[in-house]
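In: Generate coordinates for the sequence data below:
(chains A and B)
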There are 2 protein chains.
Amino acid sequence: MQQMSITQSPEIIGKKRRLASLSEASGRFSMLAIDQRQSLRKMISSQTGQAPESVLEESLVLVKRVITSRLAHKASAILTDPYMGYATTWEFIPGSTGVLLSLEQTGYSIVNNNERLTRLLADWSVEKALLAGADGIKLLVWYDKGASSAVMEHQKGIVQSTGEACYRHAIPFVLEVVCYSSDDIPTRGPEYAHEKAIRVIDAASEFSDPRYQVDLLKLEFPGNLKFVKEYQDRSFYGGSVIHDISEVRDFCRSVNDASRVPWVILSAGVEPEEFIEAIHLCNDAGASGFLCGRAVWQDVIKHFPNLDAMESYIETSAADAFDLILKANKTAVPWQQHKHFK
Amino acid sequence: MQQMSITQSPEIIGKKRRLASLSEASGRFSMLAIDQRQSLRKMISSQTGQAPESVLEESLVLVKRVITSRLAHKASAILTDPYMGYATTWEFIPGSTGVLLSLEQTGYSIVNNNERLTRLLADWSVEKALLAGADGIKLLVWYDKGASSAVMEHQKGIVQSTGEACYRHAIPFVLEVVCYSSDDIPTRGPEYAHEKAIRVIDAASEFSDPRYQVDLLKLEFPGNLKFVKEYQDRSFYGGSVIHDISEVRDFCRSVNDASRVPWVILSAGVEPEEFIEAIHLCNDAGASGFLCGRAVWQDVIKHFPNLDAMESYIETSAADAFDLILKANKTAVPWQQHKHFK
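Out: The predicted model follows:
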């Protein structure tokens, strides 16, 4: 027998071993995000009436601790941020739940009037994340294919260099792509729904190119379920019809066809009922599950800063919502069975 | 709020996170060893009548694959060797089961007539193990406190340099110490039973010194349960009485007092009935569980090379023995509660 391949490619084995840590035993991803920073600050600000910049870091930490300590055991992995999140919550994450750490600064820098640049966290790196026990790296990039070439080059460059670092450190690279239009069309409105699908499909195609070395894409829903003809009687119906369900199914299949790596769907803060529909549609098209945050826990903020009430909300309502979402996710395609899996 | 500590010490968080991956959610260790190489070769050789050196690597790989694929999900972690073991079995290890990889060559080199030197595997390192997805490093050292100073210096040096590398790579260091007497006293006989206890206690004291940076000791039973007065009616009784049970309990407590880090007990191939007694006694004294191999699966070799019979044996008899051992281990002290845990 030949010398085994491990000395040749510990990086490949390490990446797959860590993908197994991020997923359920079945290979399905059911990951919970609590890496929100600026958006969580705004949520707390809306609740308390403080200005966002006056919200204390302690308040963000409190929310992250309540959620992580009570829901981590249900998730196949927890996505959190290194400083306010992981540093204060790592002891709550069971050994059997994977850890995904974000690499980027919250939000974006605006250039050329309305173009968005992703920035990496200072004093943080893929290597440090691996040392700290992460099973995966998450990077969020903002993507508008109409952006200037300088912005596009910066965004693609940051993805490519992260891909190289993740390969070197044998750690899975989870890339979240959030599309936007620098034309200032509101991305939650009906005018953008069709455009959104086209952009998500394009993003899947672009960032699953092997040169980025992405292992898993975290994608927006391709379209908008608030504007689907068949959902007019649902609580999340948005008041106008843009898609019918067969068009939405086609969009989901196009994402799956475009993506040369396994992918999961993100929640963008929609309500659980809508997110469960998104999970069904995406998994039917070939997705490997979800990575969601606010769809599970966003209403905890209504109880801020009452710790008892927050804990009780997470242990009951949020846990119930998470259970429903987990149940919907049984149809996810195990990442090892994704059509392009190598 | 201060900048969180993660940027200062990802190594500390990483080590503890990975210890959590090696243990059950409760903090108890129930780890299964299948990193045997020379001893497995000898077992196969006894079964087939081949010379040990004629046993093919494929045969060892076959045994490792059958055991790992059918028992890994029951263990809090699997200890395996990198080449014949992990390289051929890693896909069988669920994400929720930790991986502990051995660093040393099998067996030992003999110098000065009867002194034993541990050698590290070639083309292998703590860094490669981390890349390949290991949650911990296991090193076995042979230890005779009467050995020459050159041998002692070599053995202690190898432990210390491994401790430094494990700290640098934020990976738990599991040190197995196997005591021997260069006076050629048979270590399984009654003459050695008392001496064995003294040597194990001394080993715990020596190698839990902070300079070695060991996170978990894997120790022999301090004494020999085959020669305990109260066990004369047991199947494992060895025909003469050397200890009574209170003396054995004192030895176990002395190990726990001597060890400044959490520790687990190894099985050294005793039968499950005897190993279960060892687990009770050690855990009562403060141990954090076990890391055992042959006590669970050794009789699989009686069915070699009949694959169906081997699989069936592992799925029934070995799985049942493992279940009994797991049940006995409920009294283990979670590593986070070890008296010296920092």
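In: Which residue ranges of the stretch 101-250 of chain A form helices?
Out: For the stretch 101-250 of chain A, helices defined by DSSP state H, counting those that start in this stretch occupy the ranges A:126-131, A:149-168, A:190-207, A:245-258.
In: and the last one, how far out from the chain's middle?
Out: Read it as helix A:245-258. Between the mean C-alpha location of helix A:245-258 and the chain-wide mean there is a distance of 19 Å, by Cα atoms, centre = their mean, to the nearest Å.
In: coming back round to it: which of the helices of the stretch 101-250 of chain A sits closest to chain B?
Out: If you check each of the helices of the stretch 101-250 of chain A against chain B by Cβ to the nearest Cβ, helix A:126-131 wins as the nearest, at 4.2 Å. (Glycine included, C-beta is placed from N, CA and C.)
In: could I have that closest one exported to PDB, CA atoms only?
Out: Output in PDB follows, covering the C-alpha atoms of helix A:126-131 (Å, rounded to 0.1, in the frame of the first residue of the first chain):
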ATOM      1  CA  VAL A 126      -8.200  33.400   9.000                       C
ATOM      2  CA  GLU A 127      -5.200  32.000  10.900                       C
ATOM      3  CA  LYS A 128      -6.300  33.500  14.200                       C
ATOM      4  CA  ALA A 129      -9.800  32.100  13.700                       C
ATOM      5  CA  LEU A 130      -8.400  28.600  13.100                       C
ATOM      6  CA  LEU A 131      -6.300  28.900  16.300                       C
END
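In: list the buried ones in that helix?
Out: The neighbour-count check on helix A:126-131 (16 or more other Cβ atoms under 10 Å in any protein chain shown) flags A:126, A:128, A:129, A:130, A:131 as buried.
In: Stretch A:110-121 too?
Out: Residues A:115, A:116, A:117, A:118, A:121 are the ones in stretch A:110-121 that count as buried (16+ other Cβ under 10 Å).
In: and which of those is nearest to chain B?
Out: Closest to chain B out of these is residue A:121 (9.7 Å), distances taken as Cβ to the nearest Cβ.
In: Quick check: chain neighbours aside, which residue is closest to that closest one?
Out: Setting aside the residues directly before and after it, residue A:121 is nearest to residue A:105 in space (Cβ to Cβ, 6 or more residues apart in numbering or on different chains), at 5.5 Å.
In: I figured the one you found was touching residue A:117, is that so?
Out: No: taking contact to mean Cβ atoms under 8 Å, the distance of 9.9 Å between residue A:105 and residue A:117 leaves them out of contact.
In: For burial, what's the neighbour tally of residue A:146?
Out: Look at residue A:146: counted by other Cβ atoms under 10 Å in any protein chain shown, it has 12 neighbours.
In: What are the phi and psi values at it?
Out: Taking degrees, to the nearest 10, you get phi -90, psi 0 for the backbone angles of residue A:146.
In: That one reaches residue A:182, doesn't it?
Out: Yes: look at residue A:146 against residue A:182 with Cβ under 8 Å: they come within range, at 6.1 Å.
In: Report pLDDT for residue A:184.
Out: At residue A:184, the model reports a pLDDT of 78.
In: what stretches of chain A score poorly on pLDDT?
Out: Residues of chain A that meet the criterion pLDDT under 70 lie in A:1-8, A:341-342.
In: just checking, residue A:81 touches residue A:35?
Out: Yes: with contacts defined as Cβ under 8 Å, residue A:81 counts as touching residue A:35 at a distance of 4.3 Å.
In: which among the buried residues of helix A:126-131 gets closest to residue A:226?
Out: residue A:129 (35.7 Å; Cβ to Cβ).
In: can you map out the strands along chain A?
Out: In chain order, chain A shows strands spanning A:29-33, A:77-80, A:98-102, A:109-111, A:115-117, A:136-143, A:173-179, A:216-219, A:263-266, A:289-292, with DSSP state E as the criterion.
In: now for the last one, which elements pack on it?
Out: If contacts are counted by 3 or more Cβ pairs under 8 Å, 6 or more residues apart in numbering or on different chains; DSSP states H and E, strand A:289-292 sits against strand A:29-33, strand A:263-266, helix A:272-285.
In: residues near residue A:317, how many?
Out: By the measure other Cβ under 10 Å, the count of residues near residue A:317 is 15.
In: which residue packs closest to it, ignoring adjacent ones?
Out: Of all residues not flanking residue A:317 in the chain, residue A:299 sits nearest, at 6.7 Å (Cβ to Cβ, 6+ apart).
In: Next up, the contacts around that neighbour.
Out: When contacts are counted by Cβ atoms under 8 Å, 6 or more residues apart in numbering or on different chains, residue A:299 touches A:313, A:317, A:318.
In: Residue A:99 too?
Out: Residues touching residue A:99, when contacts are defined by Cβ under 8 Å, 6+ apart, comprise A:77, A:78, A:80, A:86, A:90, A:93, A:133, A:134, A:135, A:136, B:17.
In: Would you mind measuring from it to residue B:18?
Out: Here the criterion is Cβ to Cβ, to the nearest Å. By it, residue A:99 lies 11 Å from residue B:18.
In: Now for these two: what residues contact both?
Out: Shared contacts of residue A:99 and residue B:18, defined by Cβ under 8 Å, 6+ apart, are found at residue A:133.
In: give me the number of residues near the residue of the stretch 201-342 of chain A found nearest chain B?
Out: Relative to chain B, the nearest point of the stretch 201-342 of chain A is residue A:336 (8.7 Å; Cβ to the nearest Cβ). Neighbour count for residue A:336, taken as other Cβ under 10 Å: 15.
In: I'd say it and residue A:27 touch.
Out: Yes: under the criterion of Cβ under 8 Å, residue A:336 is in contact with residue A:27, at a separation of 5.1 Å.
In: quick one on the thing from earlier: any idea how far the residue nearest to residue A:317 lies from residue A:310?
Out: For residue A:299, the distance to residue A:310 equals 10 Å [Cβ to Cβ].
In: And for the residue nearest to residue A:121, the neighbour number?
Out: Counted by other Cβ under 10 Å, the residues lying close to residue A:105 total 18.
In: ok, now residue A:300?
Out: The burial count for residue A:300: 23, using other Cβ under 10 Å.
In: these two touch, right, it and residue A:319?
Out: No: because the distance of 11.2 Å does not satisfy Cβ under 8 Å, residue A:300 is recorded as not touching residue A:319.
In: Touching both of residue A:81 and residue A:35, which residues are there?
Out: Residues touching both residue A:81 and residue A:35 comprise A:101, A:102, with contact defined as Cβ under 8 Å, 6+ apart.
In: count of residues packed around the residue of the stretch 151-300 of chain A found nearest chain B?
Out: Each residue of the stretch 151-300 of chain A has a distance to chain B, by Cβ to the nearest Cβ, and the smallest belongs to residue A:170, at 4.2 Å. Around residue A:170 there are 22 other residues, counting by other Cβ under 10 Å.
In: Grab the CA positions of stretch A:210-226 and hand them over as PDB.
Out: The C-alpha coordinates for stretch A:210-226 follow below in PDB (Å, rounded to 0.1, in the frame of the first residue of the first chain):
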ATOM      1  CA  PRO A 210     -12.900  27.900  -8.600                       C
ATOM      2  CA  ARG A 211     -10.500  30.800  -8.400                       C
ATOM      3  CA  TYR A 212     -12.300  32.000  -5.200                       C
ATOM      4  CA  GLN A 213     -12.000  28.600  -3.500                       C
ATOM      5  CA  VAL A 214     -15.400  29.100  -1.800                       C
ATOM      6  CA  ASP A 215     -16.700  25.900  -0.100                       C
ATOM      7  CA  LEU A 216     -20.200  27.100   0.600                       C
ATOM      8  CA  LEU A 217     -22.300  30.000  -0.600                       C
ATOM      9  CA  LYS A 218     -24.700  31.800   1.600                       C
ATOM     10  CA  LEU A 219     -27.200  33.400  -0.700                       C
ATOM     11  CA  GLU A 220     -30.300  35.700  -0.600                       C
ATOM     12  CA  PHE A 221     -33.600  34.300  -1.800                       C
ATOM     13  CA  PRO A 222     -33.700  34.700  -5.600                       C
ATOM     14  CA  GLY A 223     -36.900  36.800  -5.900                       C
ATOM     15  CA  ASN A 224     -39.300  38.000  -3.200                       C
ATOM     16  CA  LEU A 225     -41.900  35.700  -1.600                       C
ATOM     17  CA  LYS A 226     -43.900  38.700  -0.500                       C
END
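In: That'll do, ta.
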